[in-house]
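K.L.:
When you get a sec, could you give me coordinates for this:
(one chain, ligands or ions: 2)
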Amino acid sequence: MSEELYRAAWERCAHSPEEFWLEQAKLVDWIRPPQRALDEAGAPIYRWFPDATLNTCANAVDRHVAAGHGDRPAIIYDSPVSSTQCSWTYRELLGEVKAAAGMLSGLGVSRGDRVVIYMPMVPEAVVAMLACARLGAVHSVVFGGFAPAELATRIDDARPRVVVAASCGIEPKGVVEYKPLLDAALALTTHQPDAVVLKQRAQCPVELTNPREHDWDNLLTRAVPCEQPVEVKATDPLYILYTSGTTGKPKGVVRDNGGHAVALTWALGAVFDVNGGDVLFTASDVGWVVGHSFIVYAPLLRGATTVLFEGKPVGTPDASTFWRVAADHRVKAIFTAPTAIRAIKREDPLGHLIDRHDLSSLKTLFLAGERLDPDTYAWAGERLGVPVVDNWWQTETGWPVAANLRGLAPMPLKAGSPSVPVPGYEVHVLDAEGARLPPGNEGAICLKLPLPPGTLQTLWQADNRYVSAYLTQYEGYYLTGDGGYLDDDGYLYVMGRTDDVINVAGHRLSTGAMEAVLAAHPAIAECAVIGVRDELKGQVPRGLVVLKAGTEITLEQLSRELVARVREEIGAVAVFKDVRVVDALPKTRSGKILRKTMRQLADGDTPDIPPTIEDPLVLRSIAPQLQQ
Ligand code: COA
Ligand code: AMP
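P.N.:
Ligands and ions are numbered 1, 2, ... in the order given. Below you'll find the model as predicted:
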């Protein structure tokens, strides 16, 4: 029955997308409602709801207050690392957002301007995002674990009028001061913002010396509230979120206002079965897409309550923290990355800590961000006694491509598969020539164009890069960069990236960017970085380096220097700790380094050795270093 329901919804969306999406568009309050859904004029770059206008913040906050839900909690802030717990109703959130929008407007921010947000998991991060949306400005949130150079690249690309930051983040090992990182980034950029607004945290107040620097609290109390949300086109950008690609230069994924509001409001109900008044606990970070979509926008657009959790699955204070949060706030669904569950399982293998909490409100555990290994799937399902629902997507798509639609048509779950394509997505597995592969055959996972509402519009001021990186390899398709296969029932199995992107503890990173850092070291002639399997983090990077002839440096010193460089240039989040010196790197005759073959050897799998390999002896000679 459920399967029929799912197929009917998928078919209807595939065959009558106009009708399907115009119907879902009724979930949103428009200023000018859409008369049409898809605009194909700029194909292969598509636009959704081209004639409509709205304001995303009004949909996420104002309308719930207007509908009489002003007293409903919008955000529950639970921060074990700062010993804080508080909750903001929709009415309180509206007051804060109006003030913050007024504050940004007072600093000259208006429709179309960019604002970079560099903040940890504090409510002000959400308020700043919504305040930008209220003004029709475009936010770009940068994850706090990135180093100044990465922040600088994003600032130079987005060219923000204002940067909003906090004085520090709090990691289990202690306070991470953000202000020096921001100052270092701004010393590197050619673009300079007009103003920097800083939320002072009690753990680390800082002195503001530069006239362009302002204290968030001071400025907020003086701000003239922005009562009226600014009308924007559905196709105007809401945010830019930078993500790692195959080169060192991150890609600025652009999300629109209208398609995003429709898709997220619909998906939260259809996929996650979370509705107005339900409590969703997404344990991620606002700096990642999971945070944008499922900590901030989807729950608020739908009138649910979102838990903003500042802490880690273990160590803050222990492996019971997720279960304590779920019990304290009567959470209906938890959404996190498999690595978080693996970290918990490692500390509490029998799940005793789970039993100490009343999890009767919890209906589902959703996992995404990296491959869900069958062991973690089984452990979580058995210990929690609720369905464990894998879902596959990426920064670019903004919401699940493949999932089990718990709100619309729950279907049987299969270990190792994020289930089936969500209505709106036509998933094909293609061979190298672009032919569709039959079930069971692994190939490139591609999405038939046009992509549904809420997916990326383009890359920030780089339409050509968008087309060449995603839309050129297979005509008529979006290339996901993941490999995998479909089974006879249409369930998708995602086997991993086919490019130079790796996934470390659910964090997406570019090996190309790490290689660029290693290659700049004076002792290095050549290098490659591969992602090797890791029991906790899924993958961790390993650097293979060839030294310049005559170089005299010990492995210990070289490792220390390279590890420090990656930490300084990319950030601690890269978790780059493993350096191996090799005599040569295996290549094809055309000079392409065989990273995939090396990764397979390092993982203990049978390597695919291409017939075009230049010298098979090189591979044989480095095998021991790879496998240790
Ligand atoms: N600000 C500053 N530093 C940060 C940071 C942040 N927001 N996030 C991570 N870091 C630092 C960590 O402190 C650590 O530094 P260290 O090398 O000095 O110890 C380093 O980056 C690596 O962090 P991480 O990979 O997260 O390792 P961890 O050992 O601290 O935690 C997990 C491991 C599995 C518990 C953690 O990665 C986790 O909770 N992952 C969930 C993933 C997730 O939410 N993904 C988002 C997509 S769903
Ligand atoms: P990000 O853009 O950071 O969300 O990372 C997206 C990438 O993470 C995808 O291209 C996949 O490689 C991987 N990924 C995300 N979710 C899953 C999943 N459920 N199963 C397997 N891989 C996943």
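K.L.:
Against ligand 2, how distant is the most far-flung residue of the chain relative to its centre?
P.N.:
Distance to the chain centre peaks in the chain at residue 550, reaching 43.5 Å (criterion: CA atoms, centre = their mean). To ligand 2, residue 550 is 41 Å away according to CB to the nearest ligand atom, to the nearest Å. Heads up, the C-betas are built off the backbone N, CA and C, glycines and all.
K.L.:
tell me the secondary structure for that residue?
P.N.:
Under DSSP: H, G, I helix; E, B strand; the rest coil, residue 550 falls in the coil class.
K.L.:
Please state the backbone phi and psi of it?
P.N.:
Per-residue torsions, residue 550: phi 80, psi 0 (degrees, to the nearest 10).
K.L.:
Read off the pLDDT value for it.
P.N.:
As predicted, residue 550 sits at a pLDDT of 91.
K.L.:
Residue 177: neighbour count?
P.N.:
16 (other CB atoms under 10 Å).
K.L.:
and the nearest residue to it once chain neighbours are set aside, how many residues sit next to it?
P.N.:
The shortest distance from residue 177 to any non-neighbouring residue, by CB to CB, 6 or more residues apart in numbering, is to residue 168 (5.1 Å). Per other CB under 10 Å, the neighbour tally for residue 168 reads 24.
K.L.:
Now do residue 168 against residue 103, distance only.
P.N.:
21 Å (CB to CB, to the nearest Å).
K.L.:
How about residue 627?
P.N.:
Applying CB to CB to residue 627 and residue 103 gives a distance of 56 Å.
K.L.:
Which residue of these two possesses the greater neighbour count?
P.N.:
Between residue 627 and residue 103, counting by other CB under 10 Å, residue 103 is the more crowded of the two (28 against 11).
K.L.:
Enumerate every residue touching that one.
P.N.:
Contacts for residue 103 were tallied using CB atoms under 8 Å, 6 or more residues apart in numbering; they are 131, 197, 216, 219, 220, 223.
K.L.:
Let me see the confidence value for the third one.
P.N.:
Pointing back at residue 216 there. 98.
K.L.:
Please apply the same query to the last one.
P.N.:
Each residue has a pLDDT score; the one for residue 223 is 97.
K.L.:
Same check on the fourth one?
P.N.:
Residue-level confidence at residue 219 comes out at 98, pLDDT.
K.L.:
Equivalent analysis for the first one, please.
P.N.:
Among the per-residue scores, residue 131 holds a pLDDT of 99.
K.L.:
Establish whether the helix or strand hosting it and ligand 1 are in contact.
P.N.:
Assigned by DSSP states H and E, residue 131 falls within helix 123-135. No - residues of helix 123-135 are not located near ligand 1 by CB under 6 Å from any ligand atom, the shortest gap being 11.1 Å.
K.L.:
who does the following helix or strand past that helix touch, helix- and strand-wise?
P.N.:
Where DSSP H and E defines the elements, the next helix or strand beyond helix 123-135 is strand 138-141. Other helices and strands packing on strand 138-141, by 3 or more CB pairs under 8 Å, 6 or more residues apart in numbering; DSSP states H and E, are strand 114-118, helix 123-135, helix 148-158, strand 237-243.
K.L.:
Ok, which of those comes nearest ligand 2?
P.N.:
Nearest of the helices and strands packed on strand 138-141 to ligand 2, taken as CB to the nearest ligand atom: strand 237-243 at 5.2 Å.
K.L.:
Tell me what angle the closest one forms with helix 123-135.
P.N.:
In terms of direction (axes from the mean of the first three to the mean of the last three CA atoms, to 10 degrees), strand 237-243 departs from helix 123-135 by 140 degrees.
K.L.:
and the following helix or strand past strand 237-243, anywhere near ligand 2?
P.N.:
Note on strand 237-243: by DSSP H and E, the next helix or strand toward the C-terminus is strand 251-256. No - if you take CB under 6 Å from any ligand atom as the test, strand 251-256 misses ligand 2, and the best it gets is 8.4 Å.
K.L.:
What angle do helix 148-158 and strand 251-256 make with each other?
P.N.:
50 degrees.
K.L.:
From the chain's centre, how far out is the helix or strand following strand 251-256? Work that out for me.
P.N.:
The helix or strand immediately downstream of strand 251-256 is helix 258-270, counting by DSSP H and E. Distance, stretch centre to chain centre, for helix 258-270: 17 Å (CA atoms, centre = their mean, to the nearest Å).
K.L.:
Stretch 387-406 now?
P.N.:
12 Å.
K.L.:
Local confidence estimate at whichever residue of the stretch 351-500 of the chain sits closest to ligand 1?
P.N.:
Of all residues in the stretch 351-500 of the chain, the one sitting closest to ligand 1 is residue 369 (3.3 Å; CB to the nearest ligand atom). Per-residue confidence (pLDDT) for residue 369: 95.
K.L.:
neighbours around it, how many?
P.N.:
Count around residue 369 with other CB under 10 Å applied: 25.
K.L.:
show me what contacts it?
P.N.:
284, 288, 290, 337, 338, 339, 503, 506 are the contacts of residue 369 under CB under 8 Å, 6+ apart.
K.L.:
Try it again at 10 Å.
P.N.:
284, 288-290, 335-340, 391-394, 503, 505-508, 538 (CB atoms under 10 Å, 6 or more residues apart in numbering).
K.L.:
Residue 544 contacts residue 622, correct?
P.N.:
Yes - Residue 544 lies in contact with residue 622 (CB atoms under 10 Å); the separation is 7.3 Å.
K.L.:
who has more neighbours, those two?
P.N.:
Each of residue 544 and residue 622 has its neighbours counted (other CB under 10 Å); residue 544 has more, 26 against 21.
K.L.:
quick one: secondary structure of the nearest residue to residue 394 once chain neighbours are set aside?
P.N.:
What sits nearest to residue 394 in space, not counting adjacent residues and going by CB to CB, 6+ apart, is residue 480, at 6.7 Å. Classification of residue 480 using three-state DSSP returns strand.
K.L.:
Test my guess that residue 480 contacts residue 421.
P.N.:
No - at 11.9 Å, residue 480 does not count as touching residue 421 under the criterion of CB under 10 Å.
K.L.:
who touches both of those two?
P.N.:
392, 401, 427, 447.
K.L.:
From residue 459, how far off is the first one?
P.N.:
If I follow you right, that is residue 392. The value you get for residue 392 to residue 459, if CB to CB is used, is 21 Å.
K.L.:
Which one of the two is surrounded by more residues?
P.N.:
residue 392 (27 against 24).
K.L.:
Strands of the stretch 201-350 of the chain, start to end?
P.N.:
213-215, 232-233, 237-243, 251-256, 279-282, 305-309, 333-336 (DSSP state E, counting those that start in this stretch).
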